[in-house]
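**Q** I need the structure of the sequence given here:
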Amino acid sequence: MILTELVLIVWVVLGIVHLGVPLAYFGVMKRVASSRDYGLKMSLEWEPSVSVIVPTYNERPVIEKKLRNLAEMDYPKEKIEIVVVDSASSDGTPEQARKALGGTGLRGTVLEEKERKGKASGLNAGLKQVSGELVCISDAECLWNKEALRNAVKYLSDASVGSVSGVHASQEMSSLPVSLENSYRSIYRAVRIGESKVHSTPVAEGEIQLFRRADLPGFDPHVGGDDSDAALAMVEKGLRAISAEDVVFFEPTPSVWRARFRQKIRRGQHVLQAFLAHRRLFIGRSPAAGIVFPMEFFLYAINPVLFVPFIALTVWAVALVPTILFLALIGGLVVILVPSLRSMAVTYATNNLIMLAAWLQEARGNKQLTWEKIEENRLGQRGT
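**A** From the prediction side, this is the model:
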């Protein structure tokens, strides 16, 4: 009897921490995202020069479409500079990029690294060549909305902002992995915007991320999450790192499970690396350091570890108490029958497993600073 009571008490407490704390945080941030503004003094007339660095590795199928997309931005062409940095591609990406760049009307260059050393190394090579007042990084596989660059620039017109990144556009639900990604992104987007309106968000999006060149000394080649690492570096400088709700981009989600897990595990691991590299933010006094960063560290690094004992104790509690078994069966049936709940449950389980796998990769010392391209991502982008 005493053992049963002890198991139930631990199970309830663990459930409150593992499930209740994230749900409460998500609810608060969603409310903040919808009810507050960024508290910034922005100028819509400010049009500084912008250098866009696009790191590539075997991007021949998508690089022309990417460069054409950049040429379509609602921003003066004469103030945009493109620097493509290729990391020893074997598919002719540099030649394709030069050909495509020549047809865009944009000023730019293509740099070639003889050895592939990772994305941060490529970004640093590009950073040495840029001339713009602002520097923007962007992946070759993503596309921006026409207004994305102009909207991102206006946030940096406020001197308190050091990093601006965007938000994912929802995708057509062609498969269950894409549907789950949309579900995850809807929560993720609200949290990032809410954190940004409080002060800063520690998780940035390298699909489009904008900085002042004077604030950006370089990217850490030992951290895979170059975008989040750079955003956290801005917070350490006393600047804000925000996710802007009107800076929208599209990036394909793998439509098959294996590809999705590979991508998510790598990205999760890179966020962990960035958080660990900036763990001194725990003792900071800004809202980002005092509230947001500890909570995000808990969500990404600690809470997934609690997933295993919580599931184990849930099974134990169900086996010990018939009433809990009955309630669990009813709850499970409701989750199965209600699509939104089913999607949330699968998203919850898969994200915890992904972060556990990310921790395992990090513990093994496999930093994944370079990686193979996920070809399933490109099925919808090969057309030009």
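**Q** C-alpha only now, for contacts and for neighbours.
**A** Will do.
**Q** pick out the residue closest to the middle of this structure.
**A** The chain has residue 205 as the residue nearest its centroid, 4.4 Å off, counting by Cα atoms, centre = their mean.
**Q** phi, psi for that one please.
**A** Here the main-chain torsion angles of residue 205 (degrees, to the nearest 10) amount to phi -120, psi 110.
**Q** report pLDDT for residue 58.
**A** Here the pLDDT value assigned to residue 58 is 92.
**Q** that one: neighbour count?
**A** When neighbours are counted by other Cα atoms under 10 Å, residue 58 registers 19.
**Q** that one: what secondary structure?
**A** Per DSSP: H, G, I helix; E, B strand; the rest coil, the secondary structure class of residue 58 is coil.
**Q** which residues in the stretch 151-300 of the chain form helices?
**A** Assigned by DSSP state H, counting those that start in this stretch, the stretch 151-300 of the chain shows helices spanning 176-198, 226-236, 257-277, 287, 293-297.
**Q** low-scoring stretches of the stretch 201-350 of the chain, by residue?
**A** Within the stretch 201-350 of the chain, the stretches with pLDDT under 70 are 254-255, 284-289.
**Q** repeat that for 80
**A** 252-260, 282-290, 339-344 (pLDDT under 80).
**Q** please, where are all the strands along it?
**A** 209-212, 240-250 (DSSP state E, counting those that start in this stretch).
**Q** what's the burial count for residue 14?
**A** 18.
**Q** check contacts around the spatially closest residue to residue 293 that is not a sequence neighbour.
**A** If you skip the residues right next to it in sequence, residue 293 has residue 202 as its closest partner in space, 6.4 Å away by Cα to Cα, 6 or more residues apart in numbering. Residues near residue 202 by Cα atoms under 8 Å, 6 or more residues apart in numbering: 228, 231-232, 241, 288, 292-293, 296.
**Q** residues in contact with the closest residue to residue 269 other than its chain neighbours?
**A** With sequence-adjacent residues excluded and distances taken as Cα to Cα, 6+ apart, residue 269 is closest to residue 358, at 4.6 Å. Contact partners of residue 358, counting by Cα under 8 Å, 6+ apart, are 265-266, 268-269.
**Q** model confidence for residue 110, exactly?
**A** The score at residue 110 is 96. That number is its pLDDT.
**Q** what is the strand or helix carrying it packed up against?
**A** Secondary structure from DSSP states H and E places residue 110 in strand 107-113. With contacts taken as 3 or more Cα pairs under 8 Å, 6 or more residues apart in numbering; DSSP states H and E, strand 107-113 sits against strand 80-87, helix 93-102.
**Q** which neighbours in the sheet does the first one have, and how are they oriented?
**A** The reference is to strand 80-87. Using DSSP bridges, the neighbouring strands of strand 80-87 in the sheet come out as strand 50-56 (parallel), strand 107-113 (parallel).
**Q** just the C-alphas of the following helix or strand past the first one, formatted as CSV.
**A** Stepping forward along the backbone from strand 50-56, the first helix or strand reached (DSSP H and E) is helix 63-71. What follows is the C-alpha trace of helix 63-71 in CSV, where atoms were taken according to Å, rounded to 0.1, in the frame of the first residue of the first chain:
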residue,chain,number,x,y,z
ILE,A,63,20.4,27.0,-56.3
GLU,A,64,18.9,28.7,-59.3
LYS,A,65,15.5,28.9,-57.8
LYS,A,66,16.9,30.2,-54.6
LEU,A,67,18.8,33.1,-56.4
ARG,A,68,15.8,33.9,-58.5
ASN,A,69,13.7,34.1,-55.3
LEU,A,70,16.2,36.6,-53.8
ALA,A,71,16.0,38.7,-56.9
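**Q** give me the angle between helix 63-71 and strand 80-87.
**A** 160 degrees (axes from the mean of the first three to the mean of the last three Cα atoms, to 10 degrees).
**Q** which residues are in contact with helix 63-71?
**A** When contacts are taken as Cα under 8 Å, 6+ apart, the neighbours of helix 63-71 outside the stretch itself are 77, 93, 96-97, 100-101, 104-106, 140-144, 384.
**Q** thanks a lot, catch you later.
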